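with the input below, show me the fold.
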Amino acid sequence: MIYDHNPNSFNVRLFYKINKRHSSMLDRFFLIVSFMGNGWIVLLLSLFFYWREKNILFAFLTSVLINTLGVRYLKKRYKAPRPASVLKDVRLLKEYHLESFPSGDTALASVAALCLSFLYPQLIPLFLFCVFLVAYGRVYFGVHFPYDTIGGMLVGLLSTSLSWVFIFASQDLFAIRYLPLFI
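Model (predicted):
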């Protein structure tokens, strides 16, 4: 198992701190924010990249594919239970499916943020903040532990990095322009 669900562990204590603070306004806010980590973002960004930069569209879709395969593999490999399965008093605002680790929504938001960062490097802090909001929202909804969302961020980063390195390694000019984003 990746981590334990001991009530005194940092992961569980942080989960409860985030999950117990609710308001109807925050519920609505995080429902909207969760859109950035679901499948609709793939469709919208695919259309945007098709219009804006077709090279990035291919890299984005390749990143999404690698990301999806990586998330599915890790979920099956670790079979980490969801918080509501192992803890008491979990405020669950969304239904959940599959296993908990890693957070697929957070991973997909990370892929989207990184791909957008290649076009708009000046907005990197905003994109990273959006990933943080998706990750926070997954814990807020009660469907993930904090470590699950960190794992999702790492899967998104690795899948996007692999995709971009393989696709653009032969295009030196492109690689020189975007390589500093990974360093």
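
where does the residue minimising distance to the centre of the chain land in three-state SS?
Nearest residue to the geometric centre of the chain (C-alpha atoms, centre = their mean): Thr106, 1.7 Å. Three-state call for Thr106 (DSSP: H, G, I helix; E, B strand; the rest coil): helix.

how far out from the middle of the chain is stretch 129-149?
8 Å (C-alpha atoms, centre = their mean, to the nearest Å).

cool, stretch 50-70 as well?
That offset, for stretch 50-70, works out to 15 Å (C-alpha atoms, centre = their mean).

which parts of it are buried?
Ile56, Leu57, Ala59, Phe60, Leu61, Thr62, Ser63, Val64, Ile66, Asn67, Thr68, Gly70 (16 or more other C-beta atoms under 10 Å). In this view, the C-beta of every residue, glycine as well, is placed from N, C-alpha and C.

would a markdown table of the residues you listed with distance to Leu45, pLDDT and secondary structure be doable?
Below are the buried residues of stretch 50-70 laid out as a markdown table (distance: C-beta to C-beta, whole Å; pLDDT from 0 to 100; DSSP: H, G, I helix; E, B strand; the rest coil):
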| residue | distance to Leu45 | pLDDT | secondary structure |
| --- | --- | --- | --- |
| Ile56 | 9 | 87 | helix |
| Leu57 | 8 | 92 | helix |
| Ala59 | 11 | 90 | helix |
| Phe60 | 6 | 94 | helix |
| Leu61 | 9 | 94 | helix |
| Thr62 | 13 | 94 | helix |
| Ser63 | 10 | 96 | helix |
| Val64 | 9 | 96 | helix |
| Ile66 | 16 | 97 | helix |
| Asn67 | 13 | 97 | helix |
| Thr68 | 14 | 97 | helix |
| Gly70 | 19 | 97 | helix |
